[in-house]
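Enquirer: No sequence on hand, only this structure:
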C-alpha cells in the first residue's frame, strides 16, 4: 500500500466547470467529451449537459442521465500498477458516492453527480491528492 500512497501524493485532480450528461445513443457526436463504442448498438456518450439535447436528436437518445461533474486525475502511472483506481473507487463507495469511470492510456476520469462533487473532492484530498484549479 505504501507504493499507492506515494502515487496519490504525487497526483493531482481537477473538477470540470461544466456539467455533463451520460447518454446511451444510436449515433456518435464528434464534440462529445468521450465516446465509448462497444458495438454498433452500444454507444455511450459523455456530453456537456447544455449541448446534449440541442445537438443530438431526441430520436437518437435511448437514455440520458444529467447532472454529472468530471474529476480528472493527473498522474503518471505505470500500466501495471495494481489497485490505484480500486482504492479511489472503494473510498467513494464507502461514502455511497456513485461513479462512472473512464480510463485511457494517460488519464483517468471519474464522473460523480453534481451533489456529490464536494464530498468526492474531500475524499481524494484525504487519500493524498492535491487539487488544481
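Expert: Alright, I've got the coordinates. These numbers were taken from a predicted model, which means no experiment stands behind them.
Enquirer: in which helix or strand would I find the residue sitting nearest the centre point of the chain?
Expert: In the chain, the residue lying closest to the centroid (CA atoms, centre = their mean) is residue 110, at 2.5 Å. If you go by DSSP states H and E, residue 110 is part of strand 108-113.
Enquirer: ok, now residue 71?
Expert: Secondary-structure assignment from DSSP H and E places residue 71 in strand 61-74.
Enquirer: what residue of the protein is the furthest out?
Expert: Residue farthest from the centre of the chain, counting by CA atoms, centre = their mean, is residue 59 at 25.8 Å.
Enquirer: Which secondary structure state does it sit in?
Expert: Put simply, residue 59 is helix when judged by DSSP: H, G, I helix; E, B strand; the rest coil.
Enquirer: related to what we said a few turns ago, which pLDDT value belongs to the residue nearest to the centre of the chain?
Expert: What the model reports as pLDDT for residue 110 is 97.
Enquirer: dump the residue contacts of it.
Expert: Residues counted as contacts of residue 110 (CB atoms under 8 Å, 6 or more residues apart in numbering) are 70, 71, 73, 88, 92, 99, 100, 101, 120. All C-beta atoms are positioned from the backbone trio N, CA, C, and that covers glycine.
Enquirer: any idea how far the second one lies from residue 20?
Expert: The span separating residue 71 from residue 20 equals 11 Å under the rule CB to CB, to the nearest Å.
Enquirer: Settle it for me: which of these two has more neighbours?
Expert: A count of neighbours by other CB atoms under 10 Å puts residue 20 above the other of residue 71 and residue 20, at 26 against 23.
Enquirer: which residues does that one bridge with?
Expert: Beta-bridge pairing for residue 20 (DSSP bridges): residue 48, residue 68.
Enquirer: who's in contact with it?
Expert: Contacts of residue 20 by CB under 8 Å, 6+ apart are 33, 46, 47, 48, 49, 68, 69, 70, 111.
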